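# pasted the sequence and its predicted model underneath.
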Amino acid sequence: MLSIIGTIIIGFIVGLLARALKPGDDKLGFIMTTVLGIAGAFLANFVGGRLGWYAPGEAAGWIASIVGAVVLLVIYGWAKARA
């Protein structure tokens, strides 16, 4: 239970930092910001694992998680503009 709460808190922080670093108005609420941060960490972990940066079971770092979240924000903005 504590691990889930920690993941949510860290995901929210990563999501906030990613939104602060990417210019533009993303208009995401608390839940979507948290999901963005968690998904960014998963993306960073997946890509880093494929490139050999992380061993199996090793978590991505803060910077990689924020970069992953910014990438997802860019993709979200691109998809939203096309719709």
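Cool, got the structure.

# which residue ranges form the strands in this structure?
For the chain, no strands are identified by DSSP state E.

# need the contact list for the residue nearest to Ala41 when sequence neighbours are not counted.
In this structure, Ala41 finds its nearest non-sequential neighbour in Ser65, 4.0 Å apart by Cβ to Cβ, 6 or more residues apart in numbering. All C-beta spots, glycine's among them, are computed from the backbone N, C-alpha and C. Shown in contact with Ser65 (Cβ atoms under 8 Å, 6 or more residues apart in numbering): 14, 37, 40-41, 44.

# and for Ala20, the neighbour number?
10 (other Cβ atoms under 10 Å).

# check it and give its pLDDT.
You'll see Ala20 listed with a pLDDT of 90.

# repeat for Leu2
Predicted confidence (pLDDT) for Leu2: 57.

# what comes up buried for the helix or strand bottoming out on mean pLDDT in the chain?
Ranked by mean pLDDT, DSSP states H and E, the weakest helix or strand in the chain is helix 2-21, scoring a mean of 85. Neighbour-count burial for helix 2-21, counted by 16 or more other Cβ atoms under 10 Å, picks out 10-19.
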